[in-house]
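Visitor: got a sequence here, can you build the structure:
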Amino acid sequence: MNKQITQVFTCNCRPDFNWKNKNTFRAHKNSNRHQSYEKSFQEKEHRINVNKLVIELNKLKLENKQLRELYLNSAKENLKLKKEFKNE
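Guide: Numbering: from 1, shown residues only. Sure thing, here's the model as predicted:
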């Protein structure tokens with residue numbers, strides 16, 4: 001039984017298609033079709049990353065606001081307690 005490993009050249013910009021050899025696959029990588037696919041894929045990834053960062057930023061802003069309010073309320077409580085302690 002002769003087992004042989006073969007390379008299969010595929011690309012996501014043209015699913016279900018296999019290039020015959022490395023040279024045709026390399027030529028495809030330089031084609032306009034593939035270049036536009038790569039560009040649109042990168043733009044899509046960039047938009048996704050930007051949206052994730054915006055969501056994270058909004059979460060951090062909300063957390064910061066909550067912590068600031070907690071700190072201010074604690075400071076007001078402390079001032080009240082100090083005044084009551086002095087009055088006693």
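
Visitor: make it CA atoms for all contacts and neighbour counts henceforth
Guide: Noted.

Visitor: in this protein, which spans are helices?
Guide: Here the chain has its helices, by DSSP state H, at 22-29, 32-87.

Visitor: those helices: which one's closest to P15?
Guide: helix 32-87 (11.9 Å; Cα to Cα).

Visitor: now the closest one against helix 22-29, angle please.
Guide: 60 degrees (axes from the mean of the first three to the mean of the last three Cα atoms, to 10 degrees).

Visitor: weakest of the helices of the chain by average pLDDT?
Guide: Of all those, the minimum mean pLDDT falls on helix 32-87 (a mean of 92).

Visitor: off-centre distance for that helix?
Guide: With Cα atoms, centre = their mean, to the nearest Å as the basis, helix 32-87 stands 16 Å off its chain's centre.

Visitor: now do that helix: which elements does it pack against?
Guide: Contacting helix 32-87 under the criterion 3 or more Cα pairs under 8 Å, 6 or more residues apart in numbering; DSSP states H and E is no other helix or strand.
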